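Enquirer: okay, structure incoming, though there's no sequence with it:
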Ligand SMILES: Nc1ncnc2c1ncn2[C@@H]1O[C@H](COP(=O)(O)OP(=O)(O)O)[C@@H](O)[C@H]1O
Ligand SMILES: [Mg+2]
């Protein structure tokens, strides 16, 4: 059976998607033996040791061979790929996740940029999500001014594509503003999907109990089943 797949996407870049994905991988490792964090394509990679892919690999208990969709220019993946003389395709992007999914028990896939970030001239992250057929799609967003618009717009656009999002994960920003702490409640008035959790500022390992509920209910194993 292929691994369960959780996709971490968001309203933009630099908002804490990798940090959240690392915490999810660490939390899942407490439930499943083989858990892999992957990023199917990454731009802005000048030092592979400092890439998102490497952060996710370090958090993982199961490692797959890296694909080759890494590009040095710190621009949108579609442009970084074009500047490197290549074109991102659905099969290549899906393969990067499918290989991990075929071998692991749980896979967390972080997508680059936001849900509507372009990957190729006729391809955006939302298309890739649909092709990946994940068990759950989490929309990360920063708990700061502007998030009401960004989440509202993203959720409406996803809905227009028939793309189901499990919910919003608000992430505490490095610099709080007057809206920080108010956005979860306000979003509940404007968007039809739940705000699942607000992630505070802390190291990924310290966020395990906070992100654990995002993995869904624990499945009872035969040894934990209560005899009739
Ligand atoms: N909840 C958090 N607590 C502490 N640091 C965080 C948190 N979320 C993000 N960061 C830090 O902020 C920076 C940007 O986050 P990152 O996960 O790389 O964003 P994205 O993947 O969306 O581009 C990173 O240095 C990351 O470790
Ligand atoms: Mg990232």
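Expert: Happy to help now that I have it. This structure is a prediction, so every number in the text was calculated from the model and none was measured. Ligands and ions are numbered 1, 2, ... in the order given.

Enquirer: now the strands for the chain?
Expert: Per DSSP state E, the chain carries strands over the ranges 4-10, 35-38, 42-43, 70-71, 106-110, 118-120, 123-124, 136-142, 167-171, 195-199.

Enquirer: of the ones you listed, flag the one that's most buried.
Expert: strand 106-110 (a mean of 29; mean count of other C-beta atoms under 10 Å). C-beta coordinates here come from the backbone N, C-alpha and C atoms, glycine included.

Enquirer: ligand 2 is nearest to which of the strands of the chain?
Expert: Comparing the strands of the chain against ligand 2 with C-beta to the ion, the closest turns out to be strand 106-110 (5.6 Å).

Enquirer: got a list of what residue 114 touches?
Expert: Applying C-beta atoms under 8 Å, 6 or more residues apart in numbering to residue 114 gives the contacts 9, 10, 11, 12, 13, 125, 154.

Enquirer: and with 6 Å instead?
Expert: By C-beta atoms under 6 Å, 6 or more residues apart in numbering, the contact list for residue 114 reads 10, 11, 12.

Enquirer: got it, and residue 42?
Expert: 51, 52, 53, 70.

Enquirer: how about residue 85?
Expert: With C-beta under 6 Å, 6+ apart, residue 85 has no contacts at all.

Enquirer: where's it relative to ligand 1, distance?
Expert: 25 Å (C-beta to the nearest ligand atom, to the nearest Å).

Enquirer: ok, that residue to residue 94 distance?
Expert: Separation of residue 85 from residue 94 (C-beta to C-beta, to the nearest Å): 22 Å.

Enquirer: about what we covered before: out of the contacts of residue 114, who's nearest residue 58?
Expert: Taking C-beta to C-beta as the measure, residue 58 lies nearest residue 10 of those, at 20.8 Å.

Enquirer: what's across from that closest one in the sheet?
Expert: residue 140 (DSSP bridges).

Enquirer: what residues does the chain have near ligand 1?
Expert: When proximity is defined by C-beta under 6 Å from any ligand atom, the chain lies next to ligand 1 at 10, 13-19, 52, 171-172, 199, 201-202.

Enquirer: rerun at 8 Å
Expert: Residues of the chain found near ligand 1 (C-beta under 8 Å from any ligand atom) are 10, 12-22, 52, 55, 110, 140, 171-172, 174, 199-204, 207.

Enquirer: of these, which belong to helices?
Expert: Among the residues of the chain next to ligand 1, the residues falling in helices (DSSP state H) are 17, 18, 19, 20, 21, 22, 52, 55.
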